[in-house]
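K.L.:
After the sequence you'll find the predicted model.
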Amino acid sequence: MREPRYENPIYAEALLEQRRLKSLMVPKPLPEDLRFVAGADVSCGRFGSTLWGAIVVCDLKEKLRPAASSVARMEVSFPYLPGLLAFREIPVLKKAWEGLKLKPDVILCDAHGIAHPRGFGEAAHLGVVLGVSSVGCAKSLLCGSFEMPSMERGSWSNLVFEGRLVGAALRTRSRVAPVFVSAGHFSDLPSAIALVMACSPRLRIPEPIRQAHALCNAARRGEAREG
DNA sequence: GCGACAG
DNA sequence: ATCTTGTCGC
């Protein structure tokens, strides 16, 4: 059962902060000379009060080989609310970021960028907060509509919300469900699509995000096994 | 008013 | 997201 929590003052504050940070976001093509691409993902325990966040940096010029990584753990109180996911997950990701020895040129986030009800999803939020280029790559839709792209890898279609082009349904693997790509900080749709394709040579999920997913899950399970 | 709703 | 084993397919 979901509660009408947006009425709580803390959420009203989050909405204001979201609007403030959005005004700092800068739309522009990703740099041409990208090399280190990071993936960010978060996993949580059964009751969701403890989060594990991971960031893995892959070398685009070395077949996406991992070049650095960092995991962090944190207790959180902010609940999951569609549209306010960033307020729950960004703190632990910021902590993981601080532990990274090699900062990436761009970070791929397992969430939406501007394909968001107020145009500022977690991927965009993370980019602005860290001051790094960011791209959103989500597995399911938050808002908007699209036509299913054709079955071949590389095909994509527009993701439209309130009459605006906010992202793309991109087929990263033939005959497999598409992912939803949208621009974040210091990025735009065309370059974001190109980056996601470059990071997903064979599987549906971009390699940096897959690596981050595996890392935070391993951290969580490993800890559960001990105490 | 009714449904939809990233992870 | 998480709770969960085996199983089908490349």
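P.N.:
Thanks, I have it.

K.L.:
The lowest-mean-pLDDT helix or strand in chain A and DNA strand B, any residue contact?
P.N.:
The element with the least model confidence among the helices and strands of chain A, by mean pLDDT, DSSP states H and E, is helix A:207-226, at a mean of 90. No: applying C-beta under 7 Å from any atom of the strand, one finds helix A:207-226 out of contact with DNA strand B, separated by at least 8.3 Å. Placement of C-beta: from N, CA and C, glycine included.

K.L.:
quick one: buried residues of that helix?
P.N.:
Neighbour-count burial for helix A:207-226 flags A:207, A:208, A:209, A:210, A:211, A:212, A:213, A:215, A:216, A:219, A:220 (criterion: 16 or more other C-beta atoms under 10 Å).

K.L.:
got it, and stretch A:155-169?
P.N.:
Residues of stretch A:155-169 classed as buried by neighbour count (16+ other C-beta under 10 Å): A:156, A:158, A:159, A:161, A:166, A:167, A:168, A:169.

K.L.:
Please apply the same query to stretch A:127-142.
P.N.:
Taking 16+ other C-beta under 10 Å as the basis for neighbour counts, the residues of stretch A:127-142 that come out buried are A:127, A:128, A:129, A:130, A:132, A:133, A:134, A:135, A:136, A:137, A:138, A:142.

K.L.:
Would you mind reformatting the buried residues of helix A:207-226 (as JSON lines) and adding columns for distance to residue A:123 while you're at it?
P.N.:
As requested, the buried residues of helix A:207-226 are exported to JSON lines (distance: C-beta to C-beta, whole Å):
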{"residue": "A:207", "distance to residue A:123": "17"}
{"residue": "A:208", "distance to residue A:123": "13"}
{"residue": "A:209", "distance to residue A:123": "11"}
{"residue": "A:210", "distance to residue A:123": "16"}
{"residue": "A:211", "distance to residue A:123": "17"}
{"residue": "A:212", "distance to residue A:123": "13"}
{"residue": "A:213", "distance to residue A:123": "15"}
{"residue": "A:215", "distance to residue A:123": "18"}
{"residue": "A:216", "distance to residue A:123": "17"}
{"residue": "A:219", "distance to residue A:123": "22"}
{"residue": "A:220", "distance to residue A:123": "22"}
